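Chemist: coords below, sequence missing:
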C-alpha cells in the first residue's frame, strides 16, 4: 500500500513538473519565471555583445561584394589574432550597427528605462557618425522638423524597409532579458525613429530573438517565440516562416534554402538605391539569412557565422546578428578561443563616436538589465535574479509601399544649374541626387529645393553638401493618382555657387508588372 501510494505520488509529481523538466531539457516554451545566477546573466550579456562584434568583423571584407549569389566554399574568409583591433582602427564605419546601438544604450543609462522618445531622437540626430539609408534619412528628418514618431514612416523615409533598425536593435533584447513586453516598449521608442512596416518588424524580431535567447537554448523555439511578436499577414512574418519550413524539409543543406529565399523573397520594392539592382538591404531578406544561419548552424558558433556571411548581401551585419543571438544563448565563456581571443585584445578600445568600450558596455548593459528585471516585477538578489514570465504581444500590422510596384528607373546623371523637369506616368516617384557646390570658396549653407507636381508646389526641403546633414534623396512622393504627371524639382533661389545633381528617378505603378515585358 505504501509502495503504491509512493508510486502514485511520484507519477503525480512527474505529471505536474513535466513541462518544467521538458523546458530544462530542450528549451521549449515555459510560462514559469526564469531564475538565473547573476554570473550566468552577465555571461550571456557579454556573449551577445562579443558575438555581435566578432560576427561583424568576420564579415568585414565581404560586405556587399556578393549580390544575389553566395560565397563559394573554396573562398577563404580571413581571420587573424589581432583582427578585431585592426578593424576598429582601420575601418571604424564597419561598426555602424554597434555605435547606433550604443547611442540608445547611453541615453537609457543616463536617463533610465523610461527615457522619452524625444531624448533618444535628439541624441541620435546630433551624433556625427557616418550613417546611410534609413538611418541617415531619419537623422535628416529629425534635424528638419519631422516628429520623432514619424521620422521612420515610409511616407517620410523611402528607406523604411531597409535593414537599419534590424542591425541596431540588439541592445533592446540584451537589456530586457526574457522580457518580451519590455522589448516592445523599448523598440517602439527607438525603432519608430528609423523604420516602419517590415523594416520595423526586422528590428523587433531581432530584439525578441536576443530576449528569448536568455530563456531557451533551443534555436527553433527561440525563433518561433520571437516570430509571435510579428503580425502573420506581414511579408516579414511570411518570409521567416518560409525559412523555418524550408529548413524542416531539407535540414542538411543551407544552400537549398538559400535558393528558395532567393526565388521568392529577393525583390526589393522600397530602397531607392537598390530597386532594379542585385544589391539588397531589405530587412526581411537579410533576416531570412540570419534565421537560416541560426538553423543550419545548429549551435556551432563558427558554422553559424560562416553561413550568415556566405549568404552574401549585407554579409557583415547578418553574421553580427546571428552570432550576437547565439552568443547570448551560449554565453561569452563558451565562444571558442579562435574568435574570443582576438576580441579580448580590443575590449578596452572605445568604439568610434562612443565613449564606450566593450568592457564598458558589458557593465552598463548589466546595470540596465537588472533595472529592467526589477521594473517588470522580478527580484534581484546578491547572487541570482528571477525574471517574471511575460507573454509575447503581437505588434499591429502595417505595410510599407502597399499598392506601389516598381515600374522603371530612368537614369539622368547630370548637373543642372537650377531646375530639372520631366513627365512620368505612375502613382509614385523618388528622385535621387544631391546638392553640388560648384564654387569651392563659397561658405557652406543649406539650399532649399521645391518639388512641383502638375504645377503645384508639393513640398520644400533643405539640401546640404555636408554628408552627415544630407537628405539621401532629393525628393519623393507616394500615393499619387496613377496617371501622367509633370514634375519639376528646382532650387528655390538661384545661386552661382550651387547646382542640382540628378542621379535618376524611380517610378511606381499601382498595378503589378506583366510577366511578359515584350509585346508584338
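Modeler: Done, it's in. Bear in mind that the values here come from a model prediction, so they are computed numbers and not experimental data. Numbering: from 1, shown residues only.

Chemist: quick check: buried residues in stretch 114-134?
Modeler: 115, 117, 120-121, 123-125, 127, 129, 131-134 (16 or more other C-beta atoms under 10 Å). Any C-beta I mention is one placed from the backbone N, CA and C, and that applies to glycine too.

Chemist: centre of the chain to it, how far?
Modeler: With C-alpha atoms, centre = their mean, to the nearest Å as the basis, the distance from the averaged C-alpha position of stretch 114-134 to the chain average is 15 Å.

Chemist: residue 125 and residue 194, how far apart?
Modeler: Counting by C-beta to C-beta, to the nearest Å, the gap from residue 125 to residue 194 is 11 Å.

Chemist: same question for residue 499.
Modeler: Counting by C-beta to C-beta, the gap between residue 499 and residue 194 amounts to 31 Å.

Chemist: now residue 245
Modeler: Here the criterion is C-beta to C-beta. By it, residue 245 lies 30 Å from residue 194.

Chemist: which stretch of helix or strand covers the most centrally placed residue in the chain?
Modeler: Averaging the C-alpha coordinates of the chain gives a centre point, and the residue nearest to it by C-alpha atoms, centre = their mean is residue 166 (1.2 Å). The secondary structure element spanning residue 166 is helix 164-167 (assigned by DSSP states H and E).

Chemist: ok, now residue 202?
Modeler: Using DSSP H and E, residue 202 maps to helix 197-213.

Chemist: could you do residue 432 as well?
Modeler: Under the criterion of DSSP H and E, residue 432 resides in strand 428-437.

Chemist: circling back to that earlier point, residue 499 and residue 194 - which one has more neighbours?
Modeler: Applying other C-beta atoms under 10 Å to residue 499 and residue 194 shows that residue 194 carries more neighbours, namely 32 against 20.

Chemist: looking at it, the more buried one is touching residue 134, isn't it?
Modeler: Yes - distance between residue 194 and residue 134: 5.3 Å, which falls inside the contact criterion (C-beta atoms under 8 Å).

Chemist: which neighbours do those two have in common?
Modeler: When contacts are counted by C-beta atoms under 8 Å, 6 or more residues apart in numbering, residue 194 and residue 134 are jointly contacted by 152, 157, 164-165.

Chemist: I'd like the residues you listed written out as CSV, with distance to residue 257 added.
Modeler: Rendered in CSV, the data for those read as follows (distance: C-beta to C-beta, whole Å):
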residue, distance to residue 257
152, 30
157, 31
164, 25
165, 24
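
Chemist: nearest to residue 424, of the residues you listed?
Modeler: Set against residue 424, the nearest of the shared contacts of residue 194 and residue 134 by C-beta to C-beta is residue 157 (21.6 Å).

Chemist: per-residue confidence for the closest residue to that closest one other than its chain neighbours?
Modeler: The shortest distance from residue 157 to any residue that is not its chain neighbour, by C-beta to C-beta, 6 or more residues apart in numbering, is 4.5 Å, and that residue is residue 137. In this prediction, residue 137 carries a pLDDT score of 98.

Chemist: confirm residue 137 sits in a helix?
Modeler: Yes - assignment of residue 137 by DSSP: H, G, I helix; E, B strand; the rest coil places it within a helix.

Chemist: mind splitting the chain into its structural domains?
Modeler: Residue ranges of the domains in the chain are recorded as 31-387, 405-509, according to automatic domain parsing.

Chemist: how about the helices in the stretch 301-450 of the chain?
Modeler: Residue ranges of the helices in the stretch 301-450 of the chain, as given by DSSP state H, counting those that start in this stretch, are 301-310, 317-330, 337-344, 358-375.

Chemist: returning to what we had before: common neighbours of residue 125 and residue 194, please.
Modeler: Overlap of the contact sets of residue 125 and residue 194 (by C-beta under 8 Å, 6+ apart) is empty.

Chemist: about what we covered before: which of the helices of the stretch 301-450 of the chain has the highest mean neighbour count?
Modeler: Each of the helices of the stretch 301-450 of the chain was assessed for mean neighbour count using mean count of other C-beta atoms under 10 Å. The highest is helix 317-330, with a mean of 30.
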